[in-house]
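In: how does the following fold in three dimensions:
(2 chains)
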Amino acid sequence: AQSVTQLGSHVSVSEGALVLLRCNYSSSVPPYLFWYVQYPNQGLQLLLKYTSAATLVKGINGFEAEFKKSETSFHLTKPSAHMSDAAEYFCAVTLGGANNLFFGTGTRLTVIP
Amino acid sequence: IAGITQAPTSQILAAGRRMTLRCTQDMRHNAMYWYRQDLGLGLRLIHYSNTAGTTGKGEVPDGYSVSRANTDDFPLTLASAVPSQTSVYFCASSDPGTGNYGYTFGSGTRLTVV
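Out: Numbers count the residues shown, from 1 in each chain, chains lettered A, B, ... in the order given. Below is the predicted model of the structure:
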């Protein structure tokens, strides 16, 4: 079965610094991978997704993620953090089909002024 | 705007009472899901429905029931609420038949059982 592991339940960065949120997946075949963002008191919004096309995926709000099969990773990055990036971020994996999307436990990003 | 509508947005409920959380989508997605979100535990699947007329149990189904009479609606019922069901509940949908495997989420219902 597929799964994802998010390393670090909390990450703090200074405003303007690089954001790096880690996600490693476990899957017997190439998966589809997603990053979602949850702002306070809101639902989850799709940031970006990897669906076996380009390995470097660009999403909304300046975020991007790179699929690295050799490292089984799909880390989320942003060159320069903004205060508005403070939120919880979830990595998710699926092999397709319904009821088959598995979420990580989330990483809370704090941006320090 | 297409999406998922959840109601109510928040509720305080006495233990032992019955409560139905409503979820409606207007995207004609076949699959729908109910999750609960608790601090430190992430999202846990309660029940799901792959298509209208079918439902299935997720990771934490006890104390909850669902129905899927049509494509758009997927209500979640707590037959007799207990304090451990205090949580934030999210409804989601997907349309895997189109090859789009991501989920669309509602804004959530914050439920407090006292």
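
In: mind listing what's buried along stretch A:102-113?
Out: Neighbour counts using 16 or more other CB atoms under 10 Å in any protein chain shown place A:Phe102, A:Phe103, A:Gly104, A:Gly106, A:Thr107, A:Leu109, A:Val111 of stretch A:102-113 among the buried residues. For glycine as for every other residue, the C-beta is placed from the backbone atoms N, C-alpha and C.

In: list the contacts of the helix or strand the last one falls within.
Out: For A:Val111, the element it lies in under DSSP states H and E is strand A:107-112. Counting by CB atoms under 8 Å, 6 or more residues apart in numbering or on different chains, the neighbours of strand A:107-112 from elsewhere in the structure are A:6, A:8-15, A:19, A:21-22, A:81-83, A:85-90.

In: my guess is B:Thr54 contacts B:Val66. True?
Out: No. With contact defined as CB atoms under 8 Å, B:Thr54 and B:Val66 do not form a contacting pair (10.5 Å).

In: so between the two, which is more surrounded?
Out: Between B:Thr54 and B:Val66, counted using other CB atoms under 10 Å in any protein chain shown, the more crowded position is B:Val66 (23 against 11).

In: need the contact list for the more buried one.
Out: B:Trp34, B:Ile46, B:His47, B:Ser49, B:Thr55, B:Phe74, B:Pro75, B:Leu76, B:Thr77.

In: so which of the contacts of strand A:107-112 also contact chain B?
Out: Checking the contacts of strand A:107-112 against chain B by CB under 8 Å from any CB of the partner chain, the ones in range are A:Ser9, A:Phe90.

In: ok, back up a step: any chance of the buried residues of stretch A:102-113 in JSON lines, with pLDDT too?
Out: As requested, these are exported to JSON lines (pLDDT from 0 to 100):
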{"residue": "A:Phe102", "pLDDT": "88"}
{"residue": "A:Phe103", "pLDDT": "90"}
{"residue": "A:Gly104", "pLDDT": "91"}
{"residue": "A:Gly106", "pLDDT": "93"}
{"residue": "A:Thr107", "pLDDT": "96"}
{"residue": "A:Leu109", "pLDDT": "97"}
{"residue": "A:Val111", "pLDDT": "97"}
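
In: just the helices from chain B, written as ranges.
Out: Taking DSSP state H, chain B contains no helices at all.

In: close to chain A: what parts of it are there?
Out: B:4, B:30-31, B:33, B:40-43, B:45, B:48, B:50-51, B:56, B:58, B:90, B:92, B:94, B:96, B:99, B:101-108.

In: now the buried members of those.
Out: Neighbour counting by 16+ other CB under 10 Å classes B:4, B:30-31, B:33, B:42-43, B:45, B:48, B:50, B:58, B:90, B:92, B:94, B:96, B:101-108 among the residues of chain B next to chain A as buried.

In: hmm, which helix or strand of chain A has the shakiest average pLDDT?
Out: The weakest-scoring helix or strand in chain A, judged by mean pLDDT, DSSP states H and E, is strand A:102-103 (a mean of 89).

In: what does it contact?
Out: Contact partners of strand A:102-103, identified using CB under 8 Å, 6+ apart, comprise A:Ala1, A:Gln2, A:Ser3, A:Val4, A:Tyr36, A:Phe90, A:Cys91, A:Ala92, A:Val93, A:Thr94, B:Gly42, B:Leu43.
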